[in-house]
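Undergrad: Fold the following, please.
(chains A and B)
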Amino acid sequence: MKLIVNGVEHEIVSTPLTPLLHVLRDELDITSPKAGCQQGGCGTCTVLVDGEPRRSCLTVVAAVDGAAITTVEGLGEAESLSPVQAAFYNRYAAQCGFCTPGMVIAATALIERKGGAVERDEVLEALGGHYCRCTGYVKIVDAVMAASRGEVEA
Amino acid sequence: MTVDVLFPTSADEAATQYGDGEGITVFAGGTILLPEIASGRMLPERALLLHRSGLDKVAVDGDRVTIGAMVPVASLTESDDEVLAEIARHIADEEVRRNATVGGNLSAPPGGDAQRGDLGAALIALGAQVRSAGAGGERTEPVEDFLAADRSRRLMLDVSYDRGDRRSATASLRRRHAHSYAIATVAACKGADGIRIGVTGVGPTAIRCRSVEASGNADDVLKDVEPVDDAVASAAYRRTVLPKLVREALDQLERS
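TA: A predicted model of the protein is given here:
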């Protein structure tokens, strides 16, 4: 099996029924997708599989053999954040940060899909499966809407 | 211990490898199975992965719509058949729906804390038929019969229905969270052959409500189904709300 993760091709040696989440974290040492509930309920393990957000904890690696995977590590660098990352940072949309990787990936996919400004309802639908226990969601939703309008500064 | 993993590349090969289902764990989307396996609660000896089986297509031939077992629930949210789209839109969230499949939704064993298989109600209302493989060979039967029988040793291949001229309605009670299972859901269609009603969320599988179909009386739903207790709602509460939801669906059909 192989995966192309953030543009780099990897030969995968994990067993076929391993969740994609554990392949990323344990075999490839890519740790932005978090092992939260590990049953699809919290959203923090969400990654892009061929451009579409999916729960890596619910995705058996053999089913995505050959796919292109994008995690937060593939979005931006500390010195050059992606628009969604910059909006989260500047608008205080992260507190403890545990849910942030999944939120950022889902928001990035939503903005990519819409290709422009997104409405609050669309953000609520896209992030509806993502839990945050700190922020109360308001700043997260505001940051995603701002990022979709290109307003990434504070 | 190593797991024997099979990757059939056609529906026929899947049926052959499945055989009579003895000792085989079928993977559709994996949304139910993978947490069980990753946590160590379940260890399959032989796994049948259907991802390359070609069962992920929706075929439309004239009026006949055939949905492969591996079609993701996400794609049904865009269905031209509103009753199916509406029920699909309320299953989990859009990311989970990309993994979740029609086959898994209809074939999964009953859930412990909540009831599964919401698509069954819509497919009953549409008069759908399930094609499955297993001991004794291939079989095609009404979806309500497939759900009522022992599905543990059947490999669902596809589900099909006629896209006739019909009106549809849904009525559902659920908590306002993407991951909360339905407390009770009703799907109904009215076509040339009369009214068909399916309910889900109230018991181990979706059920066809023949008494209500015959009488038109919403209260008769409690002759058709026996609501259960679970973590989502009590049986007593479901008995109270279910006839009201059926009435709402019947009223929608009349008004539409």
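Undergrad: Can you mark which positions in stretch B:51-64 are buried?
TA: By neighbour count on 16 or more other Cβ atoms under 10 Å in any protein chain shown, the buried set for stretch B:51-64 is B:51, B:52, B:53, B:54, B:55, B:56. Placement of C-beta: from N, CA and C, glycine included.
Undergrad: Check the offset of stretch B:102-122 from the chain's centre.
TA: 5 Å (Cα atoms, centre = their mean, to the nearest Å).
Undergrad: Buried ones in it, by neighbour count?
TA: Buried residues in stretch B:102-122, counted by 16+ other Cβ under 10 Å: B:102-108, B:114-122.
Undergrad: is chain A contacted by it?
TA: No - residues of stretch B:102-122 are not located near chain A by Cβ under 8 Å from any Cβ of the partner chain, the shortest gap being 11.0 Å.
Undergrad: Report the rounded mean pLDDT for that stretch.
TA: Mean pLDDT, stretch B:102-122: 92.
Undergrad: cool, stretch A:104-119 as well?
TA: Stretch A:104-119 carries an average pLDDT of 97.
Undergrad: ok, the residue of the stretch 151-256 of chain B found nearest chain A to residue B:30 distance?
TA: As assessed by Cβ to the nearest Cβ, chain A sits closest to residue B:178 within the stretch 151-256 of chain B, at 4.0 Å. Distance check for residue B:178 against residue B:30: by Cβ to Cβ, to the nearest Å, it reads 19 Å.
Undergrad: ditto for residue B:194
TA: Taking Cβ to Cβ, one finds residue B:194 at 38 Å from residue B:30.
Undergrad: hey, where'd the helices end up in chain B?
TA: Taking DSSP state H as the test, the helices found in chain B are B:11-18, B:33-38, B:73-76, B:82-89, B:94-99, B:102-107, B:119-125, B:143-148, B:210-215, B:221-224, B:235-255.
Undergrad: out of the ones you listed, nearest to residue A:126?
TA: helix B:94-99 (6.8 Å; Cβ to Cβ).
Undergrad: What mean pLDDT does that closest one get?
TA: Helix B:94-99 carries an average pLDDT of 95.
Undergrad: before we move on, the earlier item: surely the residue of the stretch 151-256 of chain B closest to chain A and residue B:89 touch.
TA: No - counting by Cβ atoms under 8 Å, residue B:178 does not reach residue B:89; the two are 10.4 Å apart.
Undergrad: higher neighbour count, these two?
TA: residue B:178 (22 against 17; other Cβ atoms under 10 Å in any protein chain shown).
Undergrad: Return the member of the buried residues of stretch B:102-122 nearest to chain A.
TA: For these, the closest approach to chain A (Cβ to the nearest Cβ) belongs to residue B:104, at 11.0 Å.
Undergrad: Contacts only, for the residue in the stretch 51-200 of chain B positioned nearest to chain A.
TA: Closest to chain A within the stretch 51-200 of chain B is residue B:93: 2.9 Å, counting by Cβ to the nearest Cβ. By Cβ atoms under 8 Å, 6 or more residues apart in numbering or on different chains, the contact list for residue B:93 reads A:43, A:128, A:129, B:178, B:179.
Undergrad: Give me the neighbour count for the nearest residue to it once chain neighbours are set aside.
TA: Among residues not flanking residue B:93 along the chain, residue A:129 sits closest, at 2.9 Å (Cβ to Cβ, 6 or more residues apart in numbering or on different chains). Residues lying near residue A:129 (other Cβ under 10 Å) number 24.
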